[in-house]
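In: Structure here, sequence nowhere to be found:
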């Protein structure tokens, strides 16, 4: 098939290369000319100006937008809308808020242009592993574009088939989702599912991180701790005298345990390289989906204490709880005359 | 009545002065001779060496221990046990773990000495307001010592009587607890209730602190925030353009609102003096009870998500989540190639 | 002064009566004619049809809307806008979302009508105690209407003055907020502060509730618990053999303790009447502000783990976590062959 | 090698069969004679009475105890201690509390018997996949028994080798943990690591479950919700009109996404069989390690908000927060006159 691709960063380049490998024609554009050149070297068609997409592709056209979510995505979609024709499709593959999809689709429908929203997971490893695609939009359009999804997604062989799946044993028949792409519903459904995917990701990451921190501090009973009226003494220091090699533990959990996962694989790799993680400061960013997942949970009236706690923990890692903590210290001074301790615990 | 008092810090001195005001005889001891002198000036009897308590007081004696919880309290109780006689009573008024009370009582009962555990709340304001006393121990002993509790506690007039109380309108009759002291049960019950009291205190404090932090940051839409792939843009900055005077808000909440409390009064006082709370760093100590409350909840199988979250937030304020946060950054780099951002959000 | 009042439920009636007591003229309207009659008996002027407000009050008019937040409030404001004239003011005293205030004000400003948003706290006790008023809107208008706020609010004498307040000792001079009402900022600021107030309220309530639950279950070691591979045995049952009278504990905490508050007073009253709380099922509603507070925190990037956890706990009390919990059971069966236990723990 | 095995439930039988497959001699015992017979049919040696282990195995003996943690494990270890001789080793492979290991080892050391504690993960799938073994104990003993660990664990080929591992490319050389078993440290270290493993497991499970619940309720805007003063209206129902097939979503996430894991595989399998999960009630048990992980975190002063929140969510699923929730309802009635709503939200 033919596809336009706008935005040739890590993700956009990876998607393009997977499509080229399968023989698709990909017309690529980026604000950075060198990014275009790099993909032309791999067989892509250069589109130096966005308005050239109309000629570079045959109708009905499909152009994938892979640029930062928010204002940038919006500007590119608006510009593309001026270039494309009725019957064409814009694919938003970035981390857009699904509510923006609804607004974008409403704007595009007036011009006869379709919007397909695609939550794309896979990160820097997607080029090799394939990308997981969570798709929202018109059913016919999504079906028509399925050769693209198939080339980008990992394919059914990337994992053992789920036990009990109805089509198991029926050659050539697959259940929805088994190839690593899924139409989740109408416009916005793809980014909605991707949003929750990332919300879950925050929770999973926090679970591993907190557990490893408990292991890392398992030798707290071996060190001397000053005891004063401000600090709870450790009642049984003999229970905390383990020097645990967190890198080796992450490694052992990778085989046979209940908590094996791809995130654990990555953690083992990072701990192997730097068990103390000295290369990191611990200021953890968040990029939107975790926040939106919690807002969706609140709107739905559905509790997500683990996911939201994981999100808040990231906020706190960036000291955004600073005023709150100082308020606590002020209260403690107020009722107990407690002064803050200058350092550590 | 007669009472011995060991430990003349803020709390011990406050207790002693309330007893002296009501005409009780208080024999006082401290490792700091000046602390003894200060109370002697107010009418207390000096006890320069702990072993002198036996002569300073008439049997059956009661000696109140008001020293740091843990090893110090244990040493004082053991030393006192050598000084006192069968029929005497040791009162542990510090922030001891109720499980230690059980061990101490078992040790003392072999010598015929009783233990009364008293959770004491009131802080630096207790001298004026009276102290709230949560008491555990033998019923007869607690009853016998009630003149002491009455002098220390605030008394029934310190608050309006609870609507619907059975003895309302019956002159001289009070329900348990109405004077600000209560026998909560056998040995350990006083410190158990005080433990939970402090657990609740952590939760209350965090609730105010978090809310004030939301108010403090209500103008985030007025400032420019860089938007990049790592940071979620603020979708509707026009919703966050309030410069809210948190000191004035704390003040207004003190009258008529549902969230009025003594902690709010103290918060208003602190914010009045320093609305930005620049005098504090935000490293918040915890002194044991909050931890023990969460452990009790876990042992009981009873969820206390708010109380434990408040506790953990204090841990995090002291950067004890450091390794966990660095693990998150390492994972983010692993799957997305994300580098940590050098500063702030 | 003169004021119109629309909505004569518990809150609206209480506000009206406080105004009447102070000699203000209050023209009242409600869809329920009997509610009007009841207040007319207390001296209010009846307004049988909303359009009659124009004649019932002298310009510049002020009409207070005290009806359910959301669509009902919006309809009333729109209807009032047709009745009032440029220079008049609509006061929204309900639990409206502050974002709706911004929309309402934008609509009203085109007609020259002002909007003042008032977060009103005090509940069924406000008639006696006075209501705490958190106000947003144009400064001149709020100042002009201050006689109304003064009659409704509790007044400075309702609490001891905050220590260190600048105007202490200056007769007649007060700091903002000291009378129990405060202009918090421009349109929406009143409901923003009220929103956070309720968010805090959820946190405070949960803190007490969780702590009392720990006390209530402090005798778990006294009962026999079956031990099997699915249930963790209680390691030290001797630590949990207290039968604690939660009503008496709530009572004792009311005097002298750090955790005294109005909510505690109410809790003591409820526990006095029904210590087992058998009259309640434990399905806890939430009415919007707690949700909005968490959303504001997320938008601001400010962690409110305690407040949001309290909110989620309410969701879970209504079984809105049902599918999530069944997912856990399904996973446990999947990896461990664990069947759900039919009852209890 | 030779090994004794006591406890032939799902786990013990699986371990035995893996050992038999590799040619080890396994002498098996269980209180259920049929369980013995079943394994004898597969080549195990029957040990009908525990005291027969001394003769059934050659010194130095090793006997694996695989019975329910707590009192049962303790009784079996004590009984075995009477049967074995100095130089022998008892392996506790159950879910014992690591603190019990310390007590057991102290008791056994007096008899010259060693204790090796083994946290065993793998569940009902361990027979096929191999079990992940987290081991604590004397280094020489653990090394001597390594042929056993190798037969039980999945082996290095069960997962791709971690990138950057030092011994990669060196034939026959492996890093600790790569075969799926690891000596984590001295006595107790194995169960300590297994404890944290399960704590993480609770967090991971909750993350998936909460996220799937948000997806399941994504169509809440499509249904009519009554709006009243007690219920927050859904501001933008058009944002929640997705009917999402959670089974298909779990399937698609299995390939290429960041959140792929073995727990997700199991979830996909369960949702495939019963998307509504009607076969489950949602009362989720916990078996000790999650509790102990939180207690360890509290003792260490390390925050684990996600892990503990996941634990508490299980408690709440069993209605152990009942009294707390009723307290909230009582307060709401107290200050606002709110009656509980009879059903649903």
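Out: Nice, I can see it. Note that the coordinates shown come from a computational prediction; the quantities given were computed from them, not determined experimentally. Numbering: from 1, shown residues only, chains lettered A, B, ... in the order given.
In: Which residue lies closest in space to residue A:235, excluding its sequence neighbours?
Out: Distances taken as Cβ to Cβ, 6 or more residues apart in numbering or on different chains put residue B:97 closest to residue A:235, at 7.1 Å, once the chain neighbours are dropped. C-beta: built from backbone N, CA, C; applies to glycine.
In: Who are the contact partners of the one you found?
Out: By Cβ atoms under 8 Å, 6 or more residues apart in numbering or on different chains, the residues touching residue B:97 are A:235, B:69, B:70, B:191, B:195, B:288, B:292.
In: Which single one of the residues you listed is nearest to chain C?
Out: Set against chain C, the nearest of the contacts of residue B:97 by Cβ to the nearest Cβ is residue B:195 (8.7 Å).
In: circling back: so for the residue nearest to residue A:235, what pLDDT did the model give?
Out: Listed pLDDT for residue B:97 reads 96.
In: Tell me what angle the top helix by length along chain A forms with helix D:189-216.
Out: The residue-count maximum for a helix in chain A (DSSP state H) belongs to helix A:189-216. When axes from the mean of the first three to the mean of the last three Cα atoms, to 10 degrees is applied, the directions of helix A:189-216 and helix D:189-216 differ by 160 degrees.
In: Quick check: residue A:167 touching residue A:174?
Out: Yes. Assessed by Cβ atoms under 8 Å, residue A:167 is found in contact with residue A:174 at 5.9 Å.
In: more crowded one of those two?
Out: residue A:174 (15 against 12; other Cβ atoms under 10 Å in any protein chain shown).
In: secondary structure element for the more buried one?
Out: Under DSSP states H and E, no helix or strand contains residue A:174.
In: Could I get the contacting residues of it?
Out: A:156, A:167.
In: Residue D:262 versus that one, what's the distance?
Out: 22 Å (Cβ to Cβ, to the nearest Å).
In: and what of residue A:10?
Out: 28 Å.
In: Same drill for the two, tell me which one is more crowded.
Out: Comparing residue A:10 with residue D:262 by neighbour count (other Cβ under 10 Å), the higher total belongs to residue D:262, at 19 against 15.
In: correct me, but that one touches residue A:261?
Out: Yes. Using Cβ under 8 Å, residue D:262 makes contact with residue A:261 at a distance of 6.8 Å.
In: Give me the contacts around the helix or strand hosting residue A:3.
Out: Applying DSSP H and E as the criterion places residue A:3 in strand A:2-6. Strand A:2-6 has contacts (Cβ under 8 Å, 6+ apart) with A:12, A:15-16, A:19, A:24-30, A:44, A:47, A:50, A:53, A:56-58, A:61-67, A:76, A:80, A:148.
In: Now that we have those, which of them are buried?
Out: Buried members of the contacts of strand A:2-6, counted by 16 or more other Cβ atoms under 10 Å in any protein chain shown: A:12, A:15-16, A:19, A:24-30, A:44, A:47, A:50, A:53, A:56-57, A:61-67, A:76, A:80, A:148.
In: circling back to that earlier point, next helix or strand past the strand holding residue A:3?
Out: Defined by DSSP H and E, the subsequent element after strand A:2-6 is helix A:10-21.
In: Against which helices or strands is the helix or strand that comes right after that next one packed?
Out: Using DSSP H and E, the next helix or strand after helix A:10-21 towards the C-terminus is strand A:25-29. Contact here means 3 or more Cβ pairs under 8 Å, 6 or more residues apart in numbering or on different chains; DSSP states H and E; on that basis strand A:25-29 packs against strand A:2-6, helix A:10-21, helix A:33-40, strand A:45-46, helix A:53-56.
In: 7 Å instead?
Out: On a contact count with 3 or more Cβ pairs under 7 Å, 6 or more residues apart in numbering or on different chains; DSSP states H and E, strand A:25-29 meets strand A:2-6, helix A:10-21, helix A:33-40, strand A:45-46.
In: quick one: the first one to helix A:33-40, angle?
Out: Angle, strand A:2-6 to helix A:33-40, by the same axes, to 10 degrees: 150 degrees.
In: And the average pLDDT for strand A:2-6 is what?
Out: So the average pLDDT for strand A:2-6 ends up being 98.
In: How about stretch A:9-19?
Out: Rounded mean pLDDT across stretch A:9-19 is 97.
In: Any idea how far that stretch is from the middle of the chain?
Out: Mean-position distance between stretch A:9-19 and its chain equals 16 Å (Cα atoms, centre = their mean, to the nearest Å).
In: Report whether it contacts chain B.
Out: Yes. Using Cβ under 7 Å from any Cβ of the partner chain, we find that stretch A:9-19 touches chain B at residue A:10.
In: can you list the residues that contact that stretch?
Out: Residues outside stretch A:9-19 that contact it (Cβ atoms under 7 Å, 6 or more residues apart in numbering or on different chains): A:3, A:5, A:8, A:26, A:28, A:39, A:42, A:44, A:64, A:66, A:120, A:124, A:126-127, A:130-131, A:148, A:151-152, B:337.
In: Those residues, buried ones only, as a PyMOL selection?
Out: Typed into PyMOL, the line below selects the buried ones among the contacts of stretch A:9-19, using 16+ other Cβ under 10 Å:
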select buried, chain A and resi 3+5+8+26+28+39+44+64+66+120+124+126+127+130+131+148+151+152
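In: and the longest strand along chain A, what does it pack onto?
Out: Ranked by residue count, the top strand of chain A under DSSP state E comes out as strand A:114-121. On a contact count with 3+ Cβ pairs under 7 Å, 6+ apart, strand A:114-121 meets strand A:89-92, helix A:98-109, strand A:132-136, helix A:139-144, helix A:189-216.
In: tell me the contacts of the residue lying farthest from the centre of chain A?
Out: Each residue of chain A has a distance to the centre, and by Cα atoms, centre = their mean the biggest one is for residue A:337: 46.4 Å. By Cβ under 7 Å, 6+ apart, the residues touching residue A:337 are B:10, B:123, B:124.
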